[in-house]
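Engineer: Sequence and predicted structure below; questions after.
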Amino acid sequence: MRVSTARFFAGAVIAASAASTQAAQQCGWPAYRLFVERVVQADGRVIDRSTGALQTTSEGQSYAMFFALVANDRATFDRLLGWTRTNLSANQFDSNSLRLPAWQWGKKQDGSFGVMDPNPASDSDLWIAYDLFQAGRLWKEPMYTKLAYALATQIVKQEIVDLPGLGPMLLPGPQGFRTGDVTRLNPSYLPLPLLRGLAHEMPDGPWTKLAQNAAKMIRVTSPRGYAPDWAAYQNGQFVVDPKNGDVGSYDAIRVYLWAGMASASDPLARPWLDALGGMRQSVAQTGFPPEKVSTISGAASDEGPLSYWGALAPYFKALNDERGLGLARTHLDALVAPPGAGREPVYYDRVLGLFGGGFIDGRYRFDENGRLLPNWRSAC
């Protein structure tokens, strides 16, 4: 009896140790740690070193805040938020007085550092508002929630317009995207989970209708199953963007990423994915995603970089495409390779790799209401 009991407890200890090791592997996020070490300054500034201006964008700040939330790293989250408040919003970023963040900050022509373009970027604003709502809920901090409401309210006032024959649509920024009867739009600025999350927090807002209109835009502007970087709306219909044409490349790759991350329970998730079948066909035929594609003709050129594989990993997972997902996993291994093991991943590689790799590894997911469900709530 004593022997069997001892064996039982020994086995329990081994099992518990194995479970603890597995949890540590799940909860430690090596790619995120490398991102913080190599891309985030101590003061909370995200640097894109692939640019001559060593720029920081509101996009970079918003994405990093999301990753910090997924990693349960509140200290980094607060540093990122603080830097954004001070440098991109001129210290006007609280629930009583809020200035939308400038989208670009970096080394100016005179050698000084500061805001290079004060126009906000609406996708980053959406992400920051979403991050704050979810941080308020997950970390039980009302201050974040109040700030999220204030930011989302300004997004509605300054960056969402009613288009004739359509209804609410997100402008890429407050200034410069409406000329005459032409409104320029960016399909990658409208992740379905974020729109659902904002609708859940602000049910009286335009978010549910905005999600429906975004789904329509994706369907109409992707006739060959490829999303464009930019589109436009004119005379009651979506048209090819007059400035950038029908090319789909570095902006559009995020459309597949957001579609792959949406909850399968969301009624718009499957139609959204079904409208984007061209990329899956390309990878099946060639073994790699095209860097650029014509959304009208379907003509593709060149091979997409590492960032594309990060974006496409959740897309392949949602489509149950095991070959595509396997290729993506192989490429994403480069994000945690030691220095000197190959080309150092640049900013866009790292952020899209964290989105995609974190999702397929189960570090987070979204429910049908757009709420973030990080694995640290259960496994850690």
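Structural biologist: Great, that's in hand. Numbers count the residues shown, from 1 in each chain.

Engineer: CA only for contacts and neighbour counts going forward, please
Structural biologist: Noted.

Engineer: Tell me where this structure is predicted with low confidence.
Structural biologist: The model of the chain has pLDDT under 70 over residues 1-26, 338-342, 380.

Engineer: now with 80?
Structural biologist: 1-27, 337-343, 379-380 (pLDDT under 80).

Engineer: all helices of it, in order?
Structural biologist: Along the chain, counting by DSSP state H, helices occupy 2-27, 30-39, 58-70, 74-83, 122-138, 142-159, 192-201, 207-221, 253-261, 269-274, 277-286, 306-318, 322-332, 347-360.

Engineer: got the angle between the fourth one and helix 30-39?
Structural biologist: Per axes from the mean of the first three to the mean of the last three Cα atoms, to 10 degrees, the angle that helix 74-83 makes with helix 30-39 is 40 degrees.

Engineer: same for helix 74-83, what does it pack against?
Structural biologist: Other helices and strands packing on helix 74-83, by 3 or more Cα pairs under 8 Å, 6 or more residues apart in numbering; DSSP states H and E, are helix 58-70.

Engineer: got the angle for the helix it packs on vs helix 74-83?
Structural biologist: If you take the same axes, to 10 degrees, helix 58-70 sits at 160 degrees to helix 74-83.

Engineer: tell me what helix 58-70 is packed against?
Structural biologist: Using 3+ Cα pairs under 8 Å, 6+ apart: helix 58-70 touches helix 74-83, helix 122-138, helix 347-360.

Engineer: In CSV: these, plus mean neighbour count.
Structural biologist: Listed next are the helices and strands packed on helix 58-70 as CSV, based on neighbours: other Cα atoms under 10 Å:
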stretch, mean neighbour count
helix 74-83, 18
helix 122-138, 24
helix 347-360, 24
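
Engineer: still on that earlier bit, right, and the helices of the chain - which one's nearest Asp246?
Structural biologist: helix 207-221 (8.7 Å; Cα to Cα).

Engineer: starting at the chain centroid, how far to that closest one?
Structural biologist: Centroid separation for helix 207-221 versus its chain: 17 Å, with Cα atoms, centre = their mean, to the nearest Å.

Engineer: contacts for that helix?
Structural biologist: Helix 207-221 is contacted by residues 166-170, 187, 190, 192, 195-196, 198-199, 227-228, 231, 238-240, 268, 271-272, 275, 295 when judged by Cα atoms under 8 Å, 6 or more residues apart in numbering.

Engineer: Next, work out how far apart Asp266 and Tyr226 are.
Structural biologist: To Tyr226, Asp266 is 21 Å away according to Cα to Cα, to the nearest Å.

Engineer: And those two? Which one has more around it.
Structural biologist: A direct count of neighbours by other Cα atoms under 10 Å for Asp266 and Tyr226 places Tyr226 higher, at 32 against 16.

Engineer: I'd assumed Val293 was in contact with the more buried one.
Structural biologist: Yes. Counting by Cα atoms under 8 Å, Tyr226 touches Val293, with 7.4 Å between them.

Engineer: re the thing from before, export the helices of the chain as a markdown table, with columns for distance to Val182.
Structural biologist: As requested, the helices of the chain are exported to a markdown table (distance: least, Cα to Cα, whole Å):
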| stretch | distance to Val182 |
| --- | --- |
| helix 2-27 | 47 |
| helix 30-39 | 38 |
| helix 58-70 | 25 |
| helix 74-83 | 35 |
| helix 122-138 | 18 |
| helix 142-159 | 16 |
| helix 192-201 | 24 |
| helix 207-221 | 15 |
| helix 253-261 | 22 |
| helix 269-274 | 25 |
| helix 277-286 | 27 |
| helix 306-318 | 30 |
| helix 322-332 | 38 |
| helix 347-360 | 30 |
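
Engineer: Spit out the residues that contact Tyr226 and Val293 alike.
Structural biologist: Residues within reach of Tyr226 and of Val293 at once, by Cα under 8 Å, 6+ apart, are Gly248.

Engineer: I'd like the distance from Gly370 to Leu171, if you could.
Structural biologist: From Gly370 across to Leu171, the span is 21 Å (Cα to Cα).

Engineer: With Gly260 instead?
Structural biologist: In terms of Cα to Cα, Gly260 sits 23 Å off from Leu171.

Engineer: follow-up on the earlier one: JSON lines please, covering the helices and strands packed on helix 58-70 and showing distance to Phe113.
Structural biologist: Output for these, formatted as JSON lines (distance: least, Cα to Cα, whole Å):
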{"stretch": "helix 74-83", "distance to Phe113": "14"}
{"stretch": "helix 122-138", "distance to Phe113": "21"}
{"stretch": "helix 347-360", "distance to Phe113": "19"}
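
Engineer: Out of those, the one nearest Asn375 is which?
Structural biologist: Taking Cα to Cα, helix 347-360 is the member of the helices and strands packed on helix 58-70 nearest to Asn375, at 10.2 Å.

Engineer: and that closest one, what does it pack onto?
Structural biologist: Against helix 347-360 (3+ Cα pairs under 8 Å, 6+ apart) you get helix 30-39, helix 58-70, helix 306-318, helix 322-332.

Engineer: Just give me how far the second one sits from the chain centre.
Structural biologist: Remark: helix 58-70 is offset 8 Å from the chain centroid, using Cα atoms, centre = their mean.

Engineer: Go ahead and name everything in contact with that helix.
Structural biologist: The contact list for helix 58-70 (Cα under 8 Å, 6+ apart) reads 32, 45-47, 74, 76-77, 80-81, 84, 88, 101-104, 120-121, 123-125, 127-128, 131, 135, 351, 354-355, 363-364, 374-376.

Engineer: switch the cut-off to 6 Å
Structural biologist: Residues outside helix 58-70 that contact it (Cα atoms under 6 Å, 6 or more residues apart in numbering): Val46, Phe77, Trp103, Ser124, Trp127, Ile128, Asp131, Pro374.
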